[in-house]
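Asks: The sequence isn't on hand, but the structure is:
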C-alpha cells in the first residue's frame, strides 16, 4: 500500500506568512497515489447503501466524482453562489474575516437518501458544517464525512460531531 503522506508537499508561508500549506497537487499528479486515495476512501464507505456522494467546490469534486463511480453512486456538487443553473438551497457560514455561502440544487437529493460528504481538507470545519446543514434541509440520511486530510489542531471535527468523520491523513 502507498503511504499517501509521502505525496503531500509542505509549502511554508502560503497563502500567508506563518501558514504551512498542505499541497495535494503532488498527490494528484501521481496516478498511483491518486488511485490509492480513492481506493482508501472507497473502503471507508462501501456497503453502506450510499446513493449520492456530495462534494464541496472545488477540490471535493476531485475526490467525490471518482469515489461515486467506484461505489456506484451519483455525485452532487455543492457550489459557490450563482454557479448552479436550477433552483437552489443555500447556507451561509462564517469565515475568519466575514461570511461566505454555498448552494445545492433543490432536486439533487431525495428525502431519506443515503449520502456521504467528501472534501479534500477538514480545517476549521466551516464549509463542511454548512454543507451538512444543506443536506439536513434536504432531509438526507448523511452516513458521514470523508476527507483526504484533516488539520486536527484546528478542531474542525468539533463542528461535525453529529456525524462519523473519517480522514485518510491527520496532521
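Replies: Sure, I can see it. Everything numeric here is computed off the predicted structure, so don't read it as measured data. Numbers count the residues shown, from 1 in each chain.
Asks: what's near enough to touch residue 132?
Replies: 117, 142, 145, 160, 162-163 (C-beta atoms under 8 Å, 6 or more residues apart in numbering). For glycine as for every other residue, the C-beta is placed from the backbone atoms N, C-alpha and C.
Asks: give me that answer again for 6 Å
Replies: With contacts defined as C-beta atoms under 6 Å, 6 or more residues apart in numbering, residue 132 has no neighbours.
Asks: quick one: the helices in this structure?
Replies: Assigned by DSSP state H, the helices in the chain fall at 25-28, 31-45, 59-71, 126-137.
Asks: between those, which gets nearest to residue 90?
Replies: helix 126-137 (7.7 Å; C-beta to C-beta).
Asks: The spatially most central residue of the chain: what's its closest spatial neighbour, skipping adjacent residues?
Replies: By C-alpha atoms, centre = their mean, the chain has its centre lying nearest to residue 119, at 1.7 Å. Of all residues not flanking residue 119 in the chain, residue 60 sits nearest, at 4.1 Å (C-beta to C-beta, 6 or more residues apart in numbering).
Asks: and the gap between the one you found and residue 12?
Replies: The gap separating residue 60 from residue 12 is 25 Å, by C-beta to C-beta, to the nearest Å.
Asks: residue contacts, the residue nearest to the centre of the chain?
Replies: So residue 119 contacts 56, 60, 147 (C-beta under 6 Å, 6+ apart).
Asks: Tell me the most packed of those, by neighbour count.
Replies: The most crowded member of the contacts of residue 119, judged by other C-beta atoms under 10 Å, is residue 60 (28 neighbours).
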